[in-house]
Structures are given as C-alpha cells and as structure tokens.
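Participant: just a sequence and a predicted model for now, questions to come.
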Amino acid sequence: MPATKRDVETLNNEAPALARLGLGGGVGLGTLLDALITAVNRVSNQVVGLSAGVAIATTASKVKTAVAVQYLVNGVYCKLAISDNFWTLTGPDIAIGNARKYLLLVDAAGTASVLASDDRLIAAVAQCVFPPIPAGKVCLGVLQIENATNAFVAGTTLLSAAGVTDTYTDGQPAGVLGAPTVTPLV
C-alpha cells in the first residue's frame, strides 16, 4: 500500500535529516522519493537501441516497423522483429480539415495497439493531446494524419490516399506520460 501524505510528514518530522534530503534543502523526503519514482517510471518502459523505423505498411491503411527493435516493459527486455502490417488505426473518422496523431504502442508479448490523440484543425496539429499511455505498453512511434479533402476512416482509408498527409516519427514524444510502474507516495 502506498504511503500517505501523513506518513511522509511523520517521517519528515521524526527524522529532520531525511527532510533535508529534498531538492533545495528542505523540500522533503516525499518530494525526493516522488522524483526518484518518476525517473524509474520513465526508464522502465522505453525503446532501447535502434528506433523501430515506423512507416506505411504493405497494406497502405496500416503501419509497420522497418527495423527490429528492443524495448523495456516494466523493466523487462523485449524484442520485436521487423513487422509489416503491424498497427491498424482505430477511432472515429477524421473530418475534412482536421488532424490526429496516433501513438504506436506495443506490449511485452509483442501485441500492437494504438492510442489516438484528440482531433485538431490541421494548422493546430502540434497541439494534439494524448491520454496517458496504458500500463505495460511502450510507444515505438507516432503517426500524424492530416486530412485535407475526404472523411478519413481509421483502419480503412489508405494512408497514401489523395488529400491525406501521413508523417511518421520514431519514439515517444516529449510530454506524453505512461502509466506509472511504481506508485507515487502522495
């Protein structure tokens, strides 16, 4: 069971030397431990070594990995071979003039899934917001869809269709957080 705020305050009061271990001298043990937990969570789910080389797949409505990749899930090393037709997009249609980003996820068993951002006007695509990455999944890349001319049906519309701009980026974008593998103290 995680420590409560009261537990942390008690520790800080009973052991003043521990309270001084925090950042800036006096922030407290809880703050220091939460920072350490955040760091552990960031490194326990990540890509290790080469990027996946995410790209349009042979089936042009799907996404592939062009490079075999190693990654960590909850601190355990996993491997994924080059995988064509790996990710299938899901979610509602993307309206004309709108854009969406998809996180391209994989779990420890090598099962693909996607996590869609909210939709934005094409000019505001950089402001797309993602929900947190679910526990036990790692982001290998991002697919950005800009839909200029026709309704885009996820999983059906070809990524190479006229009026669709598809942009692929390897790795997890900055600012997108995953579910914690270690629970914060407070």
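Facilitator: Great, that's in hand. Numbers count the residues shown, from 1 in each chain.
Participant: I figured residue 97 hits residue 119, correct?
Facilitator: No: Residue 97 sits out of contact with residue 119 when judged by CB atoms under 8 Å, with a separation of 10.0 Å. Using the backbone N, CA and C atoms, a C-beta is placed for each residue, glycine as well.
Participant: quick check, residue 126 in a helix?
Facilitator: Yes: with DSSP: H, G, I helix; E, B strand; the rest coil as the criterion, residue 126 is located in a helix.
Participant: contacting residues around it?
Facilitator: Residue 126 is in contact with no residue at all, counting by CB atoms under 8 Å, 6 or more residues apart in numbering.
Participant: how near is it to residue 117?
Facilitator: From residue 126 across to residue 117, the span is 11 Å (CB to CB, to the nearest Å).
Participant: ok, now residue 146?
Facilitator: According to CB to CB, residue 146 and residue 117 sit 13 Å apart.
Participant: what do you get for residue 88?
Facilitator: Distance of residue 88 to residue 117, given as CB to CB: 17 Å.
Participant: same question, residue 87
Facilitator: 15 Å.
Participant: ok, these two, which is more surrounded?
Facilitator: residue 87 (24 against 21; other CB atoms under 10 Å).
Participant: in this structure, which helix or strand is least confident?
Facilitator: Ranked by mean pLDDT, DSSP states H and E, the weakest helix or strand in the chain is helix 16-19, scoring a mean of 52.
Participant: alright, calling it a day.
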